[in-house]
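Colleague: Please work out how this folds:
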Amino acid sequence: MKRRKFIQTSIITGISAITSKYIFPLNTNNRNIIINPLDVKPIVVATWNVKKSTQAAWEIISSGGSALDAVEAGCMVEEANENGKSVGLGGLPDRDGNVTLDACIMDNNGNCGSVVYVKNIKHVVSLAKKVMQETPHVMLAGKGAEQFAYEMGFEKEKLLTESSKKDWENWKIKSEYKPIINIENHDTIGMLAIDKNGDISGACTTSGLAYKMNGRVGDSPIIGSGLFVDNEIGGAVATGLGEEVIKTVGSFLIVELMRQGKTPQEACEEAIRRIVEKPNSNYKNFQVGYIAINKKGEMGSYSIHENFSVTKYQENKNISKKSEFYLKK
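Modeller: Purely as a prediction, here's the structure:
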């Protein structure tokens, strides 16, 4: 190698080594674009109208905290809200009267933790974080997850409230199992965040479908289906009928579509189309919604039916709005 070329190569390599920690590659239309961290806008987004949750997460982001801690704190707000009836305390039970919770969390390094079919523990998003940080595993289930929770200092709590118990008893009169397409509150809280360092994390927590079969687990605790994060590209979370999300590995799909150059909005729309255009799809009778963010702090959301809403906290504005949807009347 000639001396001049060697020197040029060495200089370029040196500059790359110095600046690599300060730039983020983003593939857009099959070409890499260098993103300056100063251009990245910290953001918190969540499924449904959950301003108290995004507020809690934003307080951590704005004070210099990590996206991981932010999404945990945000999800914990809804897990403690007994009026939600679909997350944490007060969640509607399965058909046998058991409140069972699922959750997962994923950080900017690709680490993840998950818990499924957990009883008696309110903050399962924090339990999923403990699985990620304190064990060599990704997922713990049932009694094993509950035992681990007690070992980590979590308190045993009764999750079935009188209100949810009354709803369950009324349901048992007919015992009809029909997932509700549009619900006024929400079924799952999924949250994504970018912190001041430009790092992305996400979390998802739920009590699952009301009056489900005992033992049923949906997409929410499954990495790649209910949640996926790639710190170079972006993240996505899902809500709605988990079985349909799992069949298309929806959140992973959205992130990969963004890797190929699609915007978060375009990726969410394509993921919904993958569901509704499947042969013999029964999409008119169930709901699925997605939200996504990319590395630049841009957001997208889309659902099959109307009335899916999202909450975004960015630039000191905490806003909830209805999402665009596929099935127009």
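Colleague: can you pull out the strands in the stretch 1-150 of the chain?
Modeller: Ranges of strands in the stretch 1-150 of the chain, per DSSP state E, counting those that start in this stretch, are 24-28, 31-35, 43-47, 101-106, 112-118, 139-141.
Colleague: For A80, which residues are in contact?
Modeller: Contacts for A80 were tallied using C-beta atoms under 8 Å, 6 or more residues apart in numbering; they are G88, L89, K122, H123. Every C-beta, even on glycine, is put in place using the N, C-alpha and C of the backbone.
Colleague: can you give me the helices for this structure?
Modeller: 3-19, 51-62, 67-79, 124-134, 142-151, 162-172, 242-248, 250-259, 264-276 (DSSP state H).
Colleague: ok, E266 to M258 distance?
Modeller: Between E266 and M258 the distance is 8 Å, computed by C-beta to C-beta, to the nearest Å.
Colleague: Same drill for the two, tell me which one is more crowded.
Modeller: Taking other C-beta atoms under 10 Å, E266 and M258 do not tie; M258 has more neighbours (28 against 17).
Colleague: C268 is in contact with that one, correct?
Modeller: No - the pair M258 / C268 is not scored as a contact, 9.6 Å apart, by C-beta atoms under 8 Å.
Colleague: Need the overlap of contacts for these two.
Modeller: Residues touching both M258 and C268 (C-beta under 8 Å, 6+ apart): A292.
Colleague: Which pLDDT does the model give the closest residue to S281 other than its chain neighbours?
Modeller: Computed as C-beta to C-beta, 6 or more residues apart in numbering, the closest residue to S281 that is not its neighbour in sequence is I275, at 6.5 Å. Turning to I275, the model gives it a pLDDT of 97.
Colleague: what do you get for T188?
Modeller: We have a pLDDT of 87 for T188.
Colleague: you'd agree it is up against T239?
Modeller: Yes - using C-beta under 8 Å, T188 is in contact with T239, at 4.4 Å.
Colleague: list residues touching both of those two?
Modeller: Common neighbours of T188 and T239, using C-beta under 8 Å, 6+ apart, are T47.
Colleague: For the residue nearest to W171 when sequence neighbours are not counted, the count of nearby residues, please.
Modeller: What sits nearest to W171 in space, not counting adjacent residues and going by C-beta to C-beta, 6+ apart, is Y211, at 5.5 Å. Number of residues near Y211 (other C-beta under 10 Å) recorded here: 21.
Colleague: returning to what we had before: which of the helices of the chain is buried the deepest?
Modeller: Per residue and on average, the most neighbours among those fall to helix 67-79, with a mean of 27 (mean count of other C-beta atoms under 10 Å).
Colleague: Quick one: list the elements packing against that helix.
Modeller: strand 43-47, helix 51-62, strand 101-106, helix 124-134, strand 188-194, strand 200-206 (3 or more C-beta pairs under 8 Å, 6 or more residues apart in numbering; DSSP states H and E).
Colleague: of all the ones you listed, which lies closest to F286?
Modeller: Evaluated over these, closeness to F286 peaks at strand 188-194, with 13.8 Å, by C-beta to C-beta.
Colleague: and the helices of the chain as TSV, adding distance to S114?
Modeller: Output for the helices of the chain, formatted as TSV (distance: least, C-beta to C-beta, whole Å):
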stretch	distance to S114
helix 3-19	35
helix 51-62	20
helix 67-79	13
helix 124-134	5
helix 142-151	9
helix 162-172	24
helix 242-248	13
helix 250-259	13
helix 264-276	21
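Colleague: Can you tell me which of those helices is nearest to F228?
Modeller: Proximity to F228 (C-beta to C-beta) singles out helix 250-259 among those, at 4.0 Å.
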